[in-house]
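1. Here is a sequence with its predicted model. Questions after.
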2 protein chains.
Amino acid sequence: MPRPRFEKLDAKKREAILDSAEEEFAAKGFAQASYNLIIERAGVSKGAMYYYFDDKADLYSTVIGHRFGDLVNAVGDVGEVNTPEEFWAGCNAMVGRAMVYIAADPEQGERMRGLVRSLAEAPPGAREVLAMAREPTRQLLETGQDVGAVRSDLPVDLLAAMVLALGEAMDTWLAENWASLPPEGLAPLEGELMGVFRRLCDP
Amino acid sequence: MPRPRFEKLDAKKREAILDSAEEEFAAKGFAQASYNLIIERAGVSKGAMYYYFDDKADLYSTVIGHRFGDLVNAVGDVGEVNTPEEFWAGCNAMVGRAMVYIAADPEQGERMRGLVRSLAEAPPGAREVLAMAREPTRQLLETGQDVGAVRSDLPVDLLAAMVLALGEAMDTWLAENWASLPPEGLAPLEGELMGVFRRLCDP
DNA sequence: GCATGTTTAGACCATCAGTCTAACTAACAG
DNA sequence: CTGTTAGTTAGACTGATGGTCTAAACATGC
């Protein structure tokens, strides 16, 4: 958590810091990113930086929080659902909203992808931000269980972990193979990937 | 790849280096591990170390290769299978052999678990060792496709990536919740987890 | 003008992975 | 025994890293 001071900064300076950090983290991953370089490029002194953030990991969490908070808001939740069909339709809608959000600003999307990849090599301290993803997933799955769309024979935590792992694997594969994918093969693939989640979750 | 010189070293010195490295990497992960400390604890000079290995990542790959090569050998392959039932029985047998191997030396098993976790935060260069897992998985899935046990409507690479991600998620969850699991609930859980792979792969 | 609390600058520190050279050892030759 | 060469080792050294610390600058209230 960043010191509250940081949030009170003039928007310009705050954005300069966030931009500089996002660029570096997205490009090199957490471990390889140079904090000194981030500081330099943000045009801020070291003293000031350590006045706003505890350490490198703290800045990292802040960047992730700022950039993904908007996405989470944009995606929203499943809404009110009462049947498995409604539940899965709601999930499809969520995925659709996420796609729209990302497609709206491809550059930002690319940087977010970089941030996601950098998450993998983040140290334990900085990985608490993963809870930001795990908790909503858990709640979504519990909603699915309530309407009979999601199996209840496995611990929901385990199911959430598997869903997230699957999602990340798909995302990584898509990112790596994006260029070599025929555009017309994309839509059916998307449907099949959603089907994978249903296979996993069906009671 | 380590310089071949390393493999010619007296077994004692070689093991000292591998043990020191494994302990440090397993405990702190790749990025946080101190190469200087590994060198010091192995009782070797820096010059010697850089005479045997290109760099930290090279030593890391060597450790992974040594420790997991044995496991891969112990697990073997599915063998000759002609029907989906035989294929899945073969997979079960592989899992069983892996469990036996790991159970035979719990300490070693724990260190291997640490190494697996450390893989996540390895830099791109050192992550080539992941191919060591991806390639056999791919082949296994292709065998499954040949006998009609595994779906062919998705790229096999993607399927392999998903299988590995699922496996890692399960492993992580099991490691975290091992203590709080009732012993009698373990066997059915194991069956259900195998079932998850079948759900994912069924044509 | 003075005092108080907040903010900034950047010199400084230990540690990091990695380099470099001089010395050491072994083997063989004359 | 001496010279020469190749393989091996020791450890001082380098530049960069993340992080600390102190003194100055700034603002605010009196």
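-> Happy to help now that I have it.

2. Count the neighbours of the residue nearest to residue A:145 when sequence neighbours are not counted for me.
-> With sequence-adjacent residues excluded and distances taken as C-beta to C-beta, 6 or more residues apart in numbering or on different chains, residue A:145 is closest to residue A:152, at 5.1 Å. Just so you know, the C-beta spots here come from the backbone N, C-alpha and C atoms, and that holds for glycine as well. The local packing of residue A:152 (other C-beta atoms under 10 Å in any protein chain shown) involves 14 other residues.

3. Now residue A:152: which helix or strand?
-> Assessed by DSSP states H and E, residue A:152 sits outside every helix and strand.

4. Give me the pLDDT for it.
-> The predicted structure scores residue A:152 at 94 on the pLDDT scale.

5. So which other helices or strands are in contact with the helix or strand of chain A with the lowest mean pLDDT?
-> Among the secondary structure pieces of chain A, namely its helices and strands, helix A:4-7 has the lowest mean (mean pLDDT, DSSP states H and E), a mean of 77. Helices and strands touching helix A:4-7, as assessed by 3 or more C-beta pairs under 8 Å, 6 or more residues apart in numbering or on different chains; DSSP states H and E, comprise helix A:11-32, helix A:46-52.

6. isn't the residue nearest to residue A:145 right up against residue A:203?
-> Yes: proximity of residue A:152 to residue A:203 meets the contact threshold set by C-beta atoms under 8 Å, at 7.0 Å.

7. How about the least confident helix or strand of chain A and DNA strand C, touching?
-> Yes: with C-beta under 7 Å from any atom of the strand as the measure, helix A:4-7 is seen reaching DNA strand C through residue A:5.

8. Give me the contact list for that helix.
-> Residues lying outside helix A:4-7 but in contact with it, judged by C-beta atoms under 8 Å, 6 or more residues apart in numbering or on different chains, are A:14, A:17, A:51-53, A:62.

9. CA-only coordinates of that helix in PDB, if you can.
-> What follows is the C-alpha trace of helix A:4-7 in PDB, where atoms were taken according to Å, rounded to 0.1, in the frame of the first residue of the first chain:
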ATOM      1  CA  PRO A   4      -1.600   8.200   1.300                       C
ATOM      2  CA  ARG A   5       0.600  11.200   0.500                       C
ATOM      3  CA  PHE A   6       1.000   9.800  -3.000                       C
ATOM      4  CA  GLU A   7      -2.600  10.000  -3.800                       C
END
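
10. Show me what counts as buried in it.
-> By neighbour count on 16 or more other C-beta atoms under 10 Å in any protein chain shown, the buried set for helix A:4-7 is residue A:6.

11. and chain A, which of its residues are near chain B?
-> If contacts are counted using C-beta under 8 Å from any C-beta of the partner chain, the residues of chain A sitting beside chain B are A:29, A:31-32, A:120-123, A:153-155, A:157-158, A:161-162, A:164-166, A:168-170, A:172-173, A:177, A:189, A:192, A:196, A:199-200, A:202.

12. Pull out the buried members of those.
-> By 16+ other C-beta under 10 Å, the residues of chain A next to chain B give A:29, A:31, A:120-123, A:154, A:158, A:161-162, A:164-166, A:168-170, A:172-173, A:189, A:196, A:200 as buried.

13. Just to be sure, which of these are found in helices?
-> Judged by DSSP state H, those include A:29, A:31, A:120, A:158, A:161-162, A:164-166, A:168-170, A:172-173, A:189, A:196, A:200 as members of helices.

14. Can you get me a residue count around the spatially closest residue to residue A:150 that is not a sequence neighbour?
-> For residue A:150, ignoring the flanking residues on the chain, the nearest one in space by C-beta to C-beta, 6+ apart is residue A:144 at 3.3 Å. In terms of burial, residue A:144 registers 24 neighbours under the definition other C-beta under 10 Å.

15. quick one: which helix or strand includes residue A:144?
-> Element membership for residue A:144, per DSSP H and E: helix A:131-146.

16. Likewise for residue A:87?
-> Residue A:87 belongs to helix A:84-104 when elements are defined using DSSP H and E.

17. counting contacts, what elements does that helix pack onto?
-> Partner elements for helix A:84-104 (3+ C-beta pairs under 8 Å, 6+ apart): helix A:56-75, helix A:106-120, helix A:131-146, helix A:186-201.

18. would a markdown table of these with distance to residue B:132 and mean pLDDT be doable?
-> Shown next, in a markdown table, are those (distance: least, C-beta to C-beta, whole Å; pLDDT from 0 to 100):
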| stretch | distance to residue B:132 | mean pLDDT |
| --- | --- | --- |
| helix A:56-75 | 30 | 90 |
| helix A:106-120 | 18 | 82 |
| helix A:131-146 | 28 | 90 |
| helix A:186-201 | 25 | 90 |
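
19. residue with max distance from the center of chain A?
-> No residue in chain A has its C-alpha farther from the mean C-alpha position than residue A:47, which lies at 30.3 Å (C-alpha atoms, centre = their mean).

20. Against residue A:195, how distant is the residue lying closest to residue A:193 once chain neighbours are set aside?
-> Nearest-residue entry for residue A:193: residue A:170, 5.5 Å, with adjacent residues in sequence omitted and distances by C-beta to C-beta, 6+ apart. Distance from residue A:170 to residue A:195, counting by C-beta to C-beta, to the nearest Å: 12 Å.
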